[in-house]
Structure formats: structure tokens, C-alpha cells
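Asks: Take this sequence and fold it.
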Amino acid sequence: MNIKDTIQFVEFNTFYSEYAPLTPYGLLDKNKYQVFTDEKMLVSVYNSIGKIVSFIKENSFQADKIEHHLKRISHLNTLERKTFDSSDVFLVKKLLVNFKSIVKLLNDEIKKDLQISFLSEELLNFLSFDGANKETFYLSEQYNTELAEIRKKIVETDKVLAEIKKERLHEILTQLGLDFRFRDFMIASESITNNLSSELIYKEVYDKTSLLLKPMLPKEYFDLHKKREALLLEENRLEQEVLITIVEKIIAEKEQIKNYISKIVLLDTLFAKSRMAIKYKMVAPVLIDKKATIEVVNGQYLPLANKCAKTGTIYTPLNAEFDNKTCVITGSNMGGKTVLLKTIGFMQLLTQMGFWIPAEKFKTAVFENIHYIGEDLSEKVEGLSSFGFEIYNLTKAINDFGTNTLLLIDEFAKTTNSIEAKAIIAAMLKSFSQKETVFSFVSTHFMELPEFEKVSFYKMKGLDYSAYKKYYNKEKQYSLRERIILINSFMRYEIIKTDHKDKTYDAIKIADILGLNDEIISYTKAYLSENYD
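Replies: The predicted model follows:
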């Protein structure tokens, strides 16, 4: 399902940017923009969100701890490899430690619902000689007795090397007065270094007047250092043997670890969706039979509702029970037709992406395809006009009519001549209404469209001109911004069922409010009266 244009049309990312999974896995899942068509799976997700919302409200401390552990989980990219290094093993252990803690914090209802359990105690203990609950990993000598012996010899060798060096530096300080205890070299004038013993001091030219001096350590120091290097090679060999054993145990539980990762994705996304549900007082959508129609009660189009809240503007939620699958939305410009389409599209995307809905009720079907057809928002096709691009997108949508399809068509053909435009829209309505698989919302400014069976007409209430006239002071010099605020203040964004032949002339009223002179307004009204009344 290609939903890129629909996402852009409904400004979905203004909401989606707030959706914040906490793990790298959850963020990868978010970036897929997955739209689901499995009704049974979606209902299961809605139910799980309900359980987690209750858990968060009743157990806020445990919920915060779970989210803390989710944040601690890092991405594994090693499970398909046969060789790991210590840092890879550390990440595996870190995942196991945090997932085990999460499982302990969840209640039994959620664990049963999501089929979550921790079954890797043996592996975790094997990785945990430094502590089963620590996010650390160390190739402990407890894995191998030979490794313990080698490390013991390395420690002892380091002590002897340190003592030899200490004695030589003391000798240099005593005999030559040069203190190398806290430095590896020094710069001295050539004139005062001529008599320095070459057995104790190494000299090399630093510049024209100075020499670089380093302490000369005895032969036994270097001989012992070579033995230390051999011990380190042996330590590395033994560590690799231990690492092979550890990796074999991890690989043996690879499928179990992958299962944990899938549960982490599930938990992470569900907790993030539940936080959104709480923030916006959302409810679970109601999925209906594909033959039924859509209903919205107090539906909030959050991108606009949030914007209105910031600016102090009144926002009107959507209330509508559509009685047919082909719905025509009419009304004046600025009257809310496009917002209605955006509201439906926004809620449908939320529904099929597994979110709850910012409404008191949203009843809808699951659609295999969702198409927005209107203003060119993203894809460009060279040589096509706006109308041509609409036809191009409509053609693509029609190819999907064999499966359940939602169409959001905004002001179709507004850039072509009105006679042909009305004819095409009429043909579209007739065609759509005969398709059981098609649910369409068509907003248009064209009036007096023909009547068809199974096509319903709705109108945005539009401008409350009588209320506006009581407020309006014609003597006041309103700025453009003040006039726009006036329009918004007296625009009624409710939707009402209407006669398909209903006429709306709000454009003249809006032109008047925006300052069009009285002469043109008068001529316009006269023309309408002569030709359309």
C-alpha cells in the first residue's frame, strides 16, 4: 500500500513525530510506516494497548522502570555471524539483562496477552561471572583454568618489570640528578649533557642546541618484556577459545534471542502508543464489516486541534454518521471540506497503523488501499498539469478497486473548465457508488450535481453570516489578519446531511469580509439572481 501522498495530505507526521519508541528496534519499526490490513491482528493490538494503558495508570513506577530498561537496549547486528568479539557478547548480555528485568516488572495479564517470558537463565548465568544483573561482560578466568594461570603470570611479570624500571630510574636520579619518575623523556641543553653515561641515558638530537634524553633500561628488562609479549599471545589464544565456546552457546539460543527482540519491538511500540493514547485521551477504533459505513463522534484532527489550542482558536471536532459509501462534501471555501477529508484520512491511518483514536468513537472498515487524489503534493510527472496529475492518480486508484479501497478526493478538477469537470465528477460518483469495494469522500465546490442511488450529499454549515453581521463594524478598518480571524470565528465547521441540489453562496460573503468593494459585490449578487435563482 502506497500511502505517501495520504500521509502528506493529512499532515500525519505532525502527530507521528510525537510517537517515540525507546529502542533502536522500535525506531526501525516506526520508520517503516506500516499500515496493516489484518483485522484480527489490529483488534489484538487495540486490546493490548488497553491493558498497557491500565498498567501505566495503576503502576506508574513499574512502567517508568520498564521504559528505563527499554532505553538501555542496544541494537544487535551479530546474530547471523559465526564470529563475535567481546563487545558483541556484551551487547547480547545487555539485551538479556534488560529484557529479563522488563519481564519481571510486567504483570501476568500483559505477559500472557503478549506471550512474553524469559527462558535464558542458563545462558545469562554463563555470561555473568561478574554478576547476572550487571550490564557488563568480561572474559573471566573462571571460564578456563589455563587462562587464569596465564593472567597470573602476566601480573607477576608486570610487577618485576615495574621494579626493574623503578631501580634504574633511581640509579639515574642518584648518579646524574635527572628525574624520570613522572616522564618518559626530557629536553636538555647540549652543553650540559656531554658527560652523561650512555649506559644510563639515551640521547638524540632535538634541535641545534638541545638533546632529547630517555632513560636506558637494562637488558633484563627487555628480555622479560619479550616473555610478557609471549604470555599476552597465549592469553589471546585462550580468550579466543573461550569466546568460541561462548558464541556457540549464544548461537544455540539465536532463535530465542530473536524472539526476545520481536517482543521488545512489540512492547516498545505498544508502550509508546499507550503513552499517546493517555496524552490525547484516545479510544480504540471499532472495526466494522466492509459493507457498513463510517461513523465519527467528536473526532479530533490533532494536527489542526493542536494548532488551534496554541493560537487560542476554536476547534470543532467532527461528528458524522455517513449513510452511504459514496459521500459528496460541499460547502464554501475555508468552510472545512478539506479538514473533514483530512480528519477521516488521519483517523484511518491511525486505525490501520495500530493506534487508538482521538475521538469518542470511530467506526470504520479495514482498507487494503487508501488513496488521496487532489493537489500535487509529492510525486512529479513531467508534462502533466494539475488536472492531468489528478487523472493519473485516479487511474492508479481505479486499478485497486478489486480490493477494499478508501478514496479521499479533494476539490477534483478545480483547474479545468466547469462543464467538463462537473461531468467527470458525476461520472465518478456513478461509478464509485456501483462498487461494493469502494468507499469515497469527494469534496467539491461544484453545485447541482446529479442524484445517484447510494450517493449521499453533505454540506459544511459554513459562515454564520447573520451572527457575523451583528458583530461587524463597517466603519472599522480591519487588517487582513483581523478579517481572517473574523471569518474563522464565524465559520461553522459542523457537517449536515443536505439535498444534493442545495446551493451555498458563502464565497460572496467571504469576499465581502475580505474587503472586496461594494460595486463588485452588488454586480455579483445581481448576476446570481438573474441566472441561478
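
Asks: can you give me the strands for the stretch 401-533 of the chain?
Replies: 405-410, 438-443, 455-463, 491-497 (DSSP state E, counting those that start in this stretch).

Asks: out of these, nearest to residue 35?
Replies: Closest approach to residue 35 among the strands of the stretch 401-533 of the chain is made by strand 405-410 (11.1 Å; Cβ to Cβ). In this view, the C-beta of every residue, glycine as well, is placed from N, C-alpha and C.

Asks: in this structure, which helix has the most residues?
Replies: For the chain, the longest helix by residue count, based on DSSP state H, is helix 219-252.

Asks: Now it: buried residues?
Replies: Residues 221, 228, 231, 234-235, 238-239, 242-243, 246-247, 250-251 are the ones in helix 219-252 that count as buried (16 or more other Cβ atoms under 10 Å).

Asks: Check stretch 78-98 too.
Replies: Buried residues in stretch 78-98 (16+ other Cβ under 10 Å): 78-79, 84, 88-98.

Asks: same question, stretch 135-150
Replies: Going by neighbour count (16+ other Cβ under 10 Å), the buried part of stretch 135-150 is 137-139, 141, 143-144, 147, 150.

Asks: Repeat that for stretch 152-160.
Replies: Under the neighbour-count criterion of 16+ other Cβ under 10 Å, stretch 152-160 has 154, 157 buried.

Asks: next one: stretch 54-72
Replies: Residues of stretch 54-72 classed as buried by neighbour count (16+ other Cβ under 10 Å): 55-56, 62-63, 66-67, 69-70, 72.

Asks: now do stretch 97-108
Replies: The neighbour-count check on stretch 97-108 (16+ other Cβ under 10 Å) flags 97-103, 105-106 as buried.

Asks: picking up where we left off before, columns distance to residue 184 on top of the strands of the stretch 401-533 of the chain, output as a markdown table?
Replies: Listed next are the strands of the stretch 401-533 of the chain as a markdown table, based on distance: least, Cβ to Cβ, whole Å:
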| stretch | distance to residue 184 |
| --- | --- |
| strand 405-410 | 73 |
| strand 438-443 | 78 |
| strand 455-463 | 82 |
| strand 491-497 | 78 |
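
Asks: List the contacts of residue 420.
Replies: Neighbouring residues of residue 420 by Cβ atoms under 8 Å, 6 or more residues apart in numbering: residue 413.

Asks: hang on, the earlier thing: select, from the buried residues of stretch 78-98, the two members most distant in space.
Replies: Spanning the widest gap among those are 84 and 98, at 18.7 Å by Cβ to Cβ.

Asks: got the phi/psi numbers for residue 447?
Replies: For residue 447, the backbone dihedrals (degrees, to the nearest 10) come out as phi -110, psi 170.

Asks: ok, it touching residue 330?
Replies: Yes - assessed by Cβ atoms under 8 Å, residue 447 is found in contact with residue 330 at 6.7 Å.

Asks: which of those two has more neighbours?
Replies: Regarding residue 447 and residue 330, a neighbour count based on other Cβ atoms under 10 Å identifies residue 330 as having more, with 23 against 14.

Asks: Which residue is most remote from the mean position of this protein?
Replies: residue 195 (72.7 Å; Cα atoms, centre = their mean).

Asks: quick one: secondary structure of that residue?
Replies: Under DSSP: H, G, I helix; E, B strand; the rest coil, residue 195 falls in the coil class.

Asks: One more: residue 277?
Replies: Quick answer, by three-state DSSP: residue 277 is helix.

Asks: Can you read off the pLDDT for it?
Replies: pLDDT, residue 277: 98.

Asks: Can you verify my assumption that residue 178 contacts residue 213?
Replies: Yes - Residue 178 sits in contact with residue 213 when judged by Cβ under 8 Å, with a separation of 6.9 Å.

Asks: How about residue 1, nearest residue that isn't a chain neighbour?
Replies: Using Cβ to Cβ, 6 or more residues apart in numbering and skipping the chain neighbours, the partner closest in space to residue 1 is residue 35 (5.2 Å).

Asks: Helix or strand: which one has residue 371?
Replies: Element membership for residue 371, per DSSP states H and E: strand 369-373.

Asks: Quick one: distance of that strand to the chain centre.
Replies: 22 Å (Cα atoms, centre = their mean, to the nearest Å).

Asks: which other residues reach the next helix-or-strand element following that strand?
Replies: Following strand 369-373 in sequence order, the next helix or strand is helix 386-398 (DSSP H and E). Outside of helix 386-398, the residues within contact range by Cβ under 8 Å, 6+ apart are 5, 369, 371-376, 381, 384, 405, 407, 409, 412-413, 415-416, 428.

Asks: Out of those, which end up buried?
Replies: Burial by neighbour count, judged by 16+ other Cβ under 10 Å, picks out 5, 369, 371-376, 405, 407, 409, 412-413, 416, 428 from the contacts of helix 386-398.

Asks: Tell me which of those has the lowest pLDDT.
Replies: For those, the least confident entry is residue 376, with 68.

Asks: so what secondary structure elements neighbour the helix or strand hosting residue 54?
Replies: If you go by DSSP H and E, residue 54 is part of helix 39-58. Under the contact definition 3 or more Cβ pairs under 8 Å, 6 or more residues apart in numbering; DSSP states H and E, helix 39-58 sits against helix 60-72, helix 108-114, helix 254-279, strand 286-287.

Asks: deepest of those, which one?
Replies: Most buried of these, by mean neighbour count (mean count of other Cβ atoms under 10 Å): helix 254-279, with a mean of 19.

Asks: Packing partners of it?
Replies: The contact analysis (3+ Cβ pairs under 8 Å, 6+ apart) places helix 254-279 against helix 24-30, helix 39-58, helix 60-72, helix 86-105, helix 108-114.

Asks: in stretch 442-458, what counts as buried?
Replies: 442-446, 449, 452, 455-458.

Asks: same question for the helix holding residue 54, mean pLDDT?
Replies: Regarding helix 39-58, the rounded mean pLDDT is 97.

Asks: Now find how far off-centre it is within its chain.
Replies: The chain centre lies 19 Å from the centre of helix 39-58; the measure is Cα atoms, centre = their mean.

Asks: contacts for it?
Replies: Here helix 39-58 makes contact (Cβ under 8 Å, 6+ apart) with 36, 62-63, 106-107, 109-110, 113-114, 270-271, 273-275, 277-278, 284-285, 287, 351-352, 354-356, 366.

Asks: which ones are touching residue 355?
Replies: For residue 355, the contact set (Cβ under 8 Å, 6+ apart) comprises 19, 49, 273, 276-277, 282.

Asks: for residue 458, same thing?
Replies: Residues near residue 458 by Cβ under 8 Å, 6+ apart: 320, 322, 327-330, 495-498.

Asks: Now, of these, which are buried?
Replies: If we count by 16+ other Cβ under 10 Å, the contacts of residue 458 have these buried: 320, 322, 327-330, 495, 498.

Asks: follow-up on the earlier one: and the buried residues of helix 219-252, which is closest to residue 163?
Replies: The closest of the buried residues of helix 219-252 to residue 163 turns out to be residue 221 (Cβ to Cβ; 10.0 Å).

Asks: Good, wrapping up.
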